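[1] Quick one: sequence and predicted model below, then my questions.
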Amino acid sequence: MKLTSLHLFRLRKLAIFVDACIVVNAYTLASLVLFARWAPLQYYEELLIFLPVAVIVHCGINLKFGLYREVGRYVGLGQAMKTIKAVSISTALLLIAGLIVMSSSHLHALVMIPIGGAIVFILMVGVRFYPRIFYERSLREVESTQNLLVVGAGSAGETIIRSIQNDRQLAMNVVALIDDNLELKGLEIHGVPIYSPTERIPEIAAEKEIDEIIIAIPSASLFQFQRIWQICQRTGLPTKTLRPLQSLHAGKVGINQIRDIEIEDLLGRQPVQTDYSQISDFISGKVVLVSGAGGSIGSELVMQISHHNPSQIILVDQDESALYNIHEKLRGNNFYKFRMWVADVRSADKMERIFGILKPNLVFHAAAYKHVPLMELQADEAVINNVQGTLNIARCAGNSGAECFVNISTDKAVEPANVMGATKNLSERIVTELGALHPDTKYCSVRFGNVLGSRGSVVPIFREQILKGGPVTITHPEMSRYFMLISEAVDLVLQAAAFPDGNVVYVLEMGQPVRIIDLANQMISLLKTHESIEVIFTGLRPGEKLHEQLIDKYETREETNHPMIYRMLYPQAQWTRKQILQDLPMLFDKANDHNCESIKIYLQDWVPSYTPFDMSLAGTLENGNEPGFKPLLMTENVADAVNSHARRRDDNVDESGPVDDI
């Protein structure tokens, strides 16, 4: 401690000595410049008396303002302001003293002292800021291990540069900015030159020996971001971004928001414009029940609903581990107004008990079996869970007087080629029919495509395969799917649920479908863990379609108040409510008897657009619609096909078709 105090004392004495030298030289310089040729000798005699006084005044005021307690490398605007005040007061005091002491020439004192004070200020600020400038510039350049190129010369780019320059712990140095705004070419931000246009990224990266690129354009459109990313890819350098995966909150852009580019950045769209006030009015103060609350969609529904001040959220799921996980997330967000029920929607008695006790106002039904190939094998389970489960919970909602029931549906329900899609199609119709029976409850279904990054989806499977060095397995080279962010989908589900219309099927705007092979190639380019990743086509899985649709041949779509939500319109119905509700018990009997073939026949009768999957196509690289297809894998039945794919997984060649989430 003594050593530290002694060291500080020596530093303070040195700082005072330097300031004393500055004062003497500043006022002497001012005198020589102004009066060297015509000032009387008496003036210089008086100057010799004035200089010690000036040293005492300046150093004393500096001590009073604490200018000798600052650590040089951390000097900032606050210290500069202190210096201005100290020098101003000192100069004013000296001006008064000069008028008294320098009796030979009051004019000399009046002119010399303010000029000398200005020189003192300039030199004192320079001396104090030199350690910081040296540390942040010269020393940083010596220690820096990474040269950065920032794409985007807007506020985000400026923030990144300032953050890096101010953080002495970062071994980084922004050496260039690049922007498409040609008016900025040749200018600088915090000493960093701006180049233009972005097509020069590879050239600038090579010229400046860049180690990493940061795309700092959070508001870039998907097209702009994809274009810039593709240019950056030509450099072969790591590329990161500030682009938000959902909404961008003002003031949140900074060095801590820099992250790796994810596949969602290249497939997602601009943040959804959501009327949160309408959603809050819809949810606030209500008891909300979410079935399948532990799943990908269900858990996101729960988290977003918790932000809109519900009186209570009821979490229903048969997976107790998934329920506990969402329990932990809610508590981590300081939300405690929820109850958990380990329950199966297939149990009508349990659903009636939950609804009878808790009387939920709003019901979001996200519980469903989603895996297409497995449901082809287990058609009975698909019917019991997706159809009977939907009927149970939707009927309870109407009987208990719920205000709204929302059924989460899927694009696989459109002209389905598999049991899973057919059961979801039937669940949409059940919800519509129950809406007619319970006019006081607003029933609706919301249909959308695949969600990125959900449990069991293609993105985490591809990521794992790529990180292992491949191969990446894809069922078919022409396979395509619609993709959407989970948060984006749930935003739109809540927005649709808040609409006043009842007894409606909504479909979300999904953009353009994405080929799975393109998705795989983009992920390989992003991860770059191996120079060469093999892609293997394994053939269609049972129940799989090459392309999904959002509207079937019996439907037309109508715009709503939201540009990404459409209402489905139907022609004169080809079925009656009485037939569906009366005949469903026969379907459930077939499911309870595990008669899967009969189930498919019944589904064909009730879902006119359903075409059962031709099992001879399982494991082929054709869709069977064109003659002369060549099988990749011959199987005798569905079980053989699925078992064959299981054996491939055991051989470390995972079957990874498109995501089957809903």
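    Okay, I see it. Residues are numbered from 1 along each chain as shown.

[2] my read: residue 172 touches residue 149, true?
    No - shown here, residue 172 and residue 149 do not form a contact pair, counting by Cβ atoms under 8 Å, at 11.3 Å. The C-beta positions use only the backbone N, C-alpha and C, and glycine is treated the same way.

[3] of those two, who's got more company?
    Each of residue 172 and residue 149 has its neighbours counted (other Cβ atoms under 10 Å); residue 149 has more, 25 against 21.

[4] Can you pull the phi and psi angles for the closest residue to residue 95 other than its chain neighbours?
    Using Cβ to Cβ, 6 or more residues apart in numbering and skipping residues adjacent in sequence, the residue nearest residue 95 is residue 113, 4.8 Å away. Backbone dihedrals for residue 113, given as degrees, to the nearest 10, come out at phi -70, psi -50.

[5] all strands of the stretch 501-650 of the chain, in order?
    Taking DSSP state E, counting those that start in this stretch as the criterion, the stretch 501-650 of the chain carries its strands at 504-508, 514-515, 535-537, 556-559, 565-569.

[6] What lies in contact with the first one?
    Residues outside strand 504-508 that contact it (Cβ atoms under 8 Å, 6 or more residues apart in numbering): 409, 428, 432, 443-449, 484, 489, 492-493, 496, 499, 550-551, 557, 560, 564-568.

[7] Centre of the chain to it, how far?
    26 Å (Cα atoms, centre = their mean, to the nearest Å).

[8] got it, and the fourth one?
    A distance of 30 Å separates the C-alpha centroid of strand 556-559 from that of its chain, computed with Cα atoms, centre = their mean.

[9] do the same with the third one
    Mean C-alpha position of strand 535-537 versus that of the full chain (Cα atoms, centre = their mean) differs by 30 Å.

[10] Show me what it is packed up against.
    Helices and strands touching strand 535-537, by 3 or more Cβ pairs under 8 Å, 6 or more residues apart in numbering; DSSP states H and E, are strand 472-474, helix 516-527.

[11] Would you list the strands that that strand pairs with, along with their directions?
    Using DSSP bridges, the strands paired with strand 535-537 are strand 472-474 (parallel).

[12] Confirm residue 153 sits in a helix?
    No - assigned with DSSP: H, G, I helix; E, B strand; the rest coil, residue 153 falls outside any helix and is coil.

[13] Now do the contacts for it.
    Listed by Cβ under 8 Å, 6+ apart, the contact partners of residue 153 are 177-179, 181, 184, 189, 194.

[14] Then residue 470?
    Counting by Cβ under 8 Å, 6+ apart, residue 470 has contacts 530, 532-535.

[15] now do 6 Å
    Counting by Cβ atoms under 6 Å, 6 or more residues apart in numbering, residue 470 makes contact with 533-534.

[16] what about it, distance to residue 437?
    Noted for residue 470: a distance of 54 Å to residue 437, by Cβ to Cβ, to the nearest Å.

[17] so residue 339 makes contact with residue 314?
    Yes - counting by Cβ atoms under 6 Å, residue 339 does reach residue 314; the two are 5.4 Å apart.

[18] Need the mean per-residue confidence for the strand or helix carrying residue 223.
    Using DSSP states H and E, residue 223 falls within helix 222-233. Averaged across helix 222-233, pLDDT comes to 87.

[19] for that helix, packing partners?
    Judged by 3 or more Cβ pairs under 6 Å, 6 or more residues apart in numbering; DSSP states H and E, helix 222-233 has no packing partners among the helices and strands.

[20] With that, I have no additional questions.
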